[in-house]
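J.: model this:
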Amino acid sequence: MSLHTFTLAILLCAPPSAAASTGAASTGPDDERVKALLEQGRERWREEARLATDADVAARLLGQADRMHKVLTEAPSLRAQVLVGEVVERDGKRELVAHGWRLGAEYFYPASTVKLFGAVAALERLRELRGQAAPRFTVDTPLSFYGSRRGGAMASHDADNIADGKLTLRHLIRESLIVSDNESFNRLFEFVGHDPLNERMWRAGLSSTRISHRLSIKLSILENRRTPTIELRMSEGVVRIAEATGKLELANIDDREGVLIGKGRIEGAELVPGPMSFLTKNRVTLRDLQVGLARVVRPELAFEGEPFDLGDEERALLLEALSQYPGDSTNPRWDRARYPDDYVKFLLPGVARVLPKEHVRIYNKVGLGYGFVTDNAYIVDTRTQRGFFLAATIYANSDGVLDDDKYDYDSFGFPWMADLGELFAREFLASK
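T.: I've put the predicted structure just below:
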């Protein structure tokens, strides 16, 4: 199927403008053509269900068709967005061309997808320090973090590092990306700093980025801006990075209505009526998530803004962590029964309906929080090296209550992501 495409362009703006931070909705024929592809998938599943001789197969296919119908007809309330990109060659140069549906139409909470940006920024900070006060600093240098609050204990031990138990950038990045560990991301956030983390992404053209807080811990705005003293414990001596307090104002003030979500929220043990405000929560558009990933996995592509400052060693670390299944890791080690291959690869089950799983490699970072399900991926057929980018998000919270741990992840969010994986794998990777 031939899709009318638009070239993915990101404007660098430092500080970013209000318009850049909201991610204005994409309208026009491009949206309609992508929507048509989703509709064709729905109709194909219905027809395949009609022809199926196995009742279980027919039920699965009808379930896929029904989910897609729900998304197509209730997209605004589900805050659904899809962005698929392919690498094309034009005039001897490769570029990323993207097809989008409902891009930026509503705010979505990015959750753990921002961990990729934290890992990139930490490696850029490493290279910066290596050129200044710590020329022998590496990803395996032991780190010590002072308590974020006065009197807090110093952290210098990582129980998951089975080699020596040390806290290192290598293990923080691997834990943050392979199993999406929140504490590891929070350490990366502290290592880089509140303001520098955002400013590094803005310089790279990712102007919608607003990473204002750590994950899974409740801190005030001021506490999130503060980062503690950190020691680099090298054999030739200790280099100390001083504590810092950021000054950037990152609230989503240009979208006050769009960041009010739900009809109730749990505070303590009580149900509080009314929406939850995401005014001070993290924010990034699907466009910027996809470009950020592309800068890592396809560094030959050119975008507005500065390329990430990554050497071969740093890029190799990221590529392995973005693509490795938890059960294949030797350090840290994770039990495959607890961390199956699709644990943080939401698109994998659907892609595996199209291609043998052993021939699929997915470089990705997912996000899951407050009912939002997001995946930002580059999917490759290792036999042909054909690949495509797919970023998508949906709000799976039918009861409208937040923080009650009763979301529609298993019944709706994850299955729909798998359906997208199948749909676009057929479009971009299947033999025609």
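J.: And the helices in the stretch 101-250 of the chain?
T.: 115-130, 169-178, 182-192, 194-203, 221-225 (DSSP state H, counting those that start in this stretch).
J.: looking at the ones you listed, which is closest to Phe308?
T.: Comparing those by their distance to Phe308 (Cβ to Cβ), the top pick is helix 115-130, with 5.5 Å. Where C-beta positions appear, they are placed from N, C-alpha and C, glycine not excepted.
J.: what's the closest one packed up against?
T.: helix 169-178, helix 182-192, helix 194-203, helix 286-297, helix 312-323 (3 or more Cβ pairs under 8 Å, 6 or more residues apart in numbering; DSSP states H and E).
J.: Can you tell me which of the helices of the stretch 101-250 of the chain is nearest to Gly237?
T.: Nearest to Gly237, of the helices of the stretch 101-250 of the chain and by Cβ to Cβ, is helix 115-130 at 13.8 Å.
J.: I'd like the average pLDDT over that closest one.
T.: In this model, helix 115-130 has a mean pLDDT of 98.
J.: Nearest to Asp312, out of the helices of the stretch 101-250 of the chain?
T.: So among those, helix 115-130 is nearest, using Cβ to Cβ, at 11.7 Å.
J.: Could you list the low-confidence segments of the protein?
T.: 1-31, 148-152, 432 (pLDDT under 70).
J.: which residues touch the residue nearest the centre of it?
T.: Residue closest to the mean C-alpha point of the chain, counted by Cα atoms, centre = their mean, is Thr113 at 2.1 Å. Counting by Cβ atoms under 8 Å, 6 or more residues apart in numbering, Thr113 makes contact with 284, 289, 365-367, 374, 376.
J.: now it: how far from Leu215?
T.: 11 Å (Cβ to Cβ, to the nearest Å).
J.: if we can go back for a sec, so which of the helices and strands packed on helix 115-130 is nearest Gln64?
T.: helix 286-297 (22.3 Å).
J.: roughly how far is the closest one from the heart of the chain?
T.: 9 Å (Cα atoms, centre = their mean, to the nearest Å).
J.: go on, stretch 154-172?
T.: 24 Å.
J.: okay, how far is it across that stretch, tip to tip?
T.: Taking Cα to Cα, to the nearest Å, the first and last residues of stretch 154-172 lie 16 Å apart.
J.: now the helices of the stretch 101-250 of the chain as CSV including mean neighbour count?
T.: Shown next, in CSV, are the helices of the stretch 101-250 of the chain (neighbours: other Cβ atoms under 10 Å):
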stretch, mean neighbour count
helix 115-130, 23
helix 169-178, 25
helix 182-192, 23
helix 194-203, 21
helix 221-225, 15
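J.: Setting aside sequence neighbours, what's the nearest residue to Ala134?
T.: Val239 (4.6 Å; Cβ to Cβ, 6 or more residues apart in numbering).
J.: where's that neighbour relative to Thr229, distance?
T.: 11 Å.
J.: Can you pull the residues that touch both of these two?
T.: Between them, Val239 and Thr229 share no contacting residue, judged by Cβ under 8 Å, 6+ apart.
J.: Who are the contact partners of the closest residue to Ile217 other than its chain neighbours?
T.: Of all residues not flanking Ile217 in the chain, Asn186 sits nearest, at 7.1 Å (Cβ to Cβ, 6+ apart). Applying Cβ under 8 Å, 6+ apart to Asn186 gives the contacts 214-217.
J.: picking up where we left off before, for Asp335, which of the helices and strands packed on helix 115-130 is the nearest?
T.: Comparing these by Cβ to Cβ, helix 169-178 comes nearest, at 13.1 Å.
J.: which other helices and strands contact the closest one?
T.: So helix 169-178, by 3+ Cβ pairs under 8 Å, 6+ apart, packs with helix 115-130, helix 182-192, helix 312-323.
J.: any chance of these in TSV, plus distance to Asp66?
T.: Listed next are those as TSV, based on distance: least, Cβ to Cβ, whole Å:
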stretch	distance to Asp66
helix 115-130	32
helix 182-192	34
helix 312-323	32
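J.: quick one, longest helix in this structure?
T.: helix 29-51 (DSSP state H).
J.: how far is it from where the chain is centred?
T.: With Cα atoms, centre = their mean, you get 26 Å for helix 29-51.
J.: Against which helices or strands is it packed?
T.: helix 55-73, strand 81-90, strand 93-101, helix 414-428.
J.: switch to 7 Å and redo it
T.: For helix 29-51, the elements it packs on are helix 55-73, strand 93-101, judged by 3 or more Cβ pairs under 7 Å, 6 or more residues apart in numbering; DSSP states H and E.
J.: JSON lines for those, including mean neighbour count and distance to Lys247?
T.: JSON lines is the format used below for those (neighbours: other Cβ atoms under 10 Å; distance: least, Cβ to Cβ, whole Å):
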{"stretch": "helix 55-73", "mean neighbour count": "16", "distance to Lys247": "41"}
{"stretch": "strand 93-101", "mean neighbour count": "19", "distance to Lys247": "34"}
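J.: Make TSV out of the ones you listed and add distance to Pro275.
T.: Shown next, in TSV, are the helices and strands packed on helix 29-51 (distance: least, Cβ to Cβ, whole Å):
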stretch	distance to Pro275
helix 55-73	22
strand 93-101	25
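J.: give me the number of residues near the closest residue to Asp288 other than its chain neighbours?
T.: Nearest non-adjacent residue to Asp288, counting by Cβ to Cβ, 6+ apart: Leu206, 4.1 Å away. Around Leu206 sit 27 other residues, with neighbours defined as other Cβ atoms under 10 Å.
J.: Relative to Arg386, which of the contacts of Asn186 is nearest.
T.: For these, the nearest to Arg386 is Leu215 (34.2 Å; Cβ to Cβ).
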